[in-house]
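> Fold the following and give me the result.
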Amino acid sequence: MNNLDKTKEQLITELEKLQHENSLLRESYDNDISRYKTIEESLKESQRFLLETQAIANLGTFVWDISTGFWKSSKILDKIFGIDSHYVRDYSGWMHLIHPDFKKFMGDYVANEVLGKRHKFDKEYKIINQHNQKEFWVHGQGELELGDNNQPTKLIGTINDITEQKQTEEKLLKLSQAVEQSPITIVITDTSGVIQYVNPKFVETTGYAVEEVVGKNPRILKSGHTTQEEYKDLWKTINEGEEWHGEFHNRKKNGELYWESATISPIINSDGITTHYIAIKEDITYKKYSEFLLQLKNQEIETQNEELILAKNHAEESDRLKSAFLANMSHEIRTPMNGILGFVGLLKEPMLTGQQQKEYIDIIEKSGVRMLNIINDIIDISKIESGLMTIHKAASNINDQIDYVFTFFKPEVEAKGMKLSCIKSLPSETSIIETDREKIFAILINLVKNAIKYSHEGFIEFGYVKKEGFLEFFVKDTGIGIPKDRQEDVFERFIQADITDKMARQGAGLGLSISRAFVEMLGGTIWVDSEEGKGSTFYFTIPYQAASEPNGTNENGAQDAEIAIHLKKLKILIAEDDEISKLFINKIVTPFNKEIINVSNGEAAVAAAQQNPDIDLIMMDMKMPIMSGYEATKLIRAFNKDVIIIAQTAYGLIDDIRLTLEIGCNDHISKPINKHDFLVLMQKYFKE
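Numbers count the residues shown, from 1 in each chain. Presented below is the predicted three-dimensional model:
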């Protein structure tokens, strides 16, 4: 082979080598392009997922460049704030969106805590939506990026609208307070029988503190008189998902024996699974002893006295109705409890849509309102029976009350395809009378609610006409009607619990009894005219006593915000050992506080008052550990005569109120605290 051939062969070899290397490079390039496209698609998918997640959670994002002051927010956050993307260009612009009550607080928080100490942003506060000027609660979270010399450069975070959760939280707080004050013993256990919750009535009845029974089995109360067969029957019944009714012979902590009538029911979640058991119990020791004494009396006499027989029969009938009432109470409390516990649990599930959250919150709110009404009815009937219910007469515009009830119930009636109408026979200037406004409201609301509950078509009409010396109110419906032989009974306490026909509806069976008591306290009478299958008309009268001035009471709470605005900023000491009550009071004083001091017992309250002589207001719970509110108030009055002290007690009983005023309190408010009543009380002492 000559040199030319060799050179040619070498060139061919080099060319083949270059072609091979070029092929490898192209393959590598193609692989890189493919990987790049895969990464790009993955990034796009992650971005889509992030945006979808933010939309579902109603979560807005923001970036605040601290060095330039520049603020950038997502579309969702702009919607929450009610702005467009050009509205906020820097941090100071963002501060203009904060509610006036929180502006200084948030400015100090960001400057001192976020930038100065913690380097994290995590706070709930209020904002003003710039589009509709409405107030919204939001929850902001974020974290600082640090640059050279550990100096903050950016704050990156999220903000979401928590207004509905806040509103639900406040309603649940009120509900919790109402349950705490129930005059009926309530015990909740897990499915193995271990106690999870007891209300204060349990503590009062048994003598056991809460911490002594939570986590324990109710067998600690056993006296040995209730047989094992009865306990077996109890567990068999509730394990089958049914209610158990019976009696227990138990022993208190101090060894004293007592009898209880009880209804125990399963609490079932939305999946049909039993999660807890709830026991509704009543101390019947006195009844048992009365029966025993009556038996002895009957044994002593050869011929039974007719009056004793009638008394015995009456007592047995009363006890039967009360037992039926207790069973009904168990059902009425258990039903909304199912809604509250079940849907509170569902709210904790991740990735809920905004619509799902709203549906769950609506159910919780409705269940809470229903349970609160039941507890309030029980408290009202207890006060009526003990003679502690009082009349508070003031000027009230009857026409305004009729209008309010009409407006309140109109959507509910129309949703059933029915028509609601009202009649007012007096002109506005002569419709102002001296009466107890709240009791008139209670009577009208009870009667209209009953008309709605027992009617499915037709109309409901209510109102009043003036007759000689009195007003005659009426509520007429085209509902199921009442049999002639039951028309007197419907006004008796516990009577609905005894109606066994299929037309009985949900309710405690106390509304008409409470209405009758209120009407009679106001000096009137109440009756019903009804025909079964055609409807009913309830009538009641009250004296007509003209008043010259309206009392100015806010009918629907719309002036609460205005009241708060005109209160001066206060330094407030809250003495409260219950964390839920303390949280609620802190929330309602937020608009007009400049500083809040929280303590959990009377001794700490006295120390705080000594260390802070400039305190304007003390919210004093009367029942606290270590030192009671009564003793603490006496000690504080020894060195501070001027501070306003408002007593808080579980029941607004006459003796309670008188005692708090005698020891030095300026005023009194009953639990659960009504926000509007509280603000009116604050206006009385602290109006600017």
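> Give me the nearest residue to Leu635, chain neighbours excluded.
Spatial nearest neighbour of Leu635, excluding adjacent residues (Cβ to Cβ, 6 or more residues apart in numbering): Val606 at 4.8 Å. Quick note: C-beta positions are derived from backbone N, CA and C, even for glycine.
> Where does the one you found sit, in terms of helix or strand?
Applying DSSP states H and E as the criterion places Val606 in helix 602-611.
> what angle do the helix or strand just after that helix and helix 602-611 make?
As assigned by DSSP H and E, the chain's next helix or strand after helix 602-611 is strand 617-621. Compare the direction of strand 617-621 with that of helix 602-611 by axes from the mean of the first three to the mean of the last three Cα atoms, to 10 degrees and you get 170 degrees.
> ok, and what's touching the helix holding Val606?
For helix 602-611, the external contacting residues (Cβ atoms under 8 Å, 6 or more residues apart in numbering) are 573, 575, 597, 599, 615, 618, 620, 624, 626-629, 631-632, 635-636, 639-640, 643.
> What of stretch 202-214?
With Cβ under 8 Å, 6+ apart, stretch 202-214 has contacts from 185-187, 195-198, 220-221, 250, 252-254, 258, 281, 283.
> try 6 Å this time
If you take Cβ atoms under 6 Å, 6 or more residues apart in numbering as the criterion, stretch 202-214 is touched by 185, 195, 198, 252-254, 283.
> average pLDDT across that stretch?
The average pLDDT within stretch 202-214 is 89.
> what mean pLDDT would you report for the helix or strand harbouring Leu234?
Using DSSP H and E, Leu234 falls within helix 228-239. The average pLDDT within helix 228-239 is 87.
> picking that back up, which pair in the contacts of stretch 202-214 has the greatest spatial separation?
Ile195 and Asn254 (19.2 Å; Cβ to Cβ).
> And the two? Which one has more around it.
Remark: of Ile195 and Asn254, Ile195 carries more neighbours, 21 against 8, as counted by other Cβ atoms under 10 Å.
> can you pull the contacts of the more buried one?
189, 213-214, 216.
> Same check on Asn250?
Asn250 makes contacts with 221, 223, 258, as judged by Cβ under 6 Å, 6+ apart.
> again, 10 Å this time
205-206, 218-226, 256-260, 262, 281, 283, 285 (Cβ atoms under 10 Å, 6 or more residues apart in numbering).
> and those residues, which are buried?
The neighbour count (16 or more other Cβ atoms under 10 Å) marks 205-206, 218, 221, 226, 258-260, 262, 281, 283 as buried among the contacts of Asn250.
> List just the nearest of the residues you listed to Thr275.
Closest approach between the buried ones among the contacts of Asn250 and Thr275, by Cβ to Cβ: Pro218, at 17.6 Å.
> Correct me if wrong: that closest one contacts Gln196.
No - counting by Cβ atoms under 10 Å, Pro218 sits too far from Gln196 to count as a contact (11.3 Å).
> Between these two, which contacts overlap?
Joint contacts of Pro218 and Gln196 (Cβ under 10 Å, 6+ apart) are 187, 189.
> What are the boundaries of the helices in the stretch 301-450 of the chain?
306-347, 354-386, 398-415, 437-453 (DSSP state H, counting those that start in this stretch).
> Of the buried ones among the contacts of Asn250, which belong to helices?
Within the buried ones among the contacts of Asn250, residues falling in helices by DSSP state H are 205-206.
> tell me the least confident of the buried ones among the contacts of Asn250?
Across the buried ones among the contacts of Asn250, the bottom pLDDT score, 77, is held by Thr226.
> sorry, back to before: filter the contacts of helix 602-611 down to the buried ones and hand me the PyMOL line.
A single PyMOL command selects the buried members of the contacts of helix 602-611 (16+ other Cβ under 10 Å):
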select buried, resi 573+575+597+599+615+618+620+624+627+628+629+631+632+635+636+640+643
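> Mind checking which of the contacts of helix 602-611 land in helices?
With helices defined by DSSP H, the entries of the contacts of helix 602-611 inside them are 629, 631-632, 635-636, 639.
> In the stretch 301-450 of the chain, where is pLDDT below threshold?
For the stretch 301-450 of the chain, the stretches with pLDDT under 70 are 301-339, 342, 366-367, 369-388.
> What about Gln487, how many residues nearby?
Neighbours of Gln487 using other Cβ under 10 Å come to 16.
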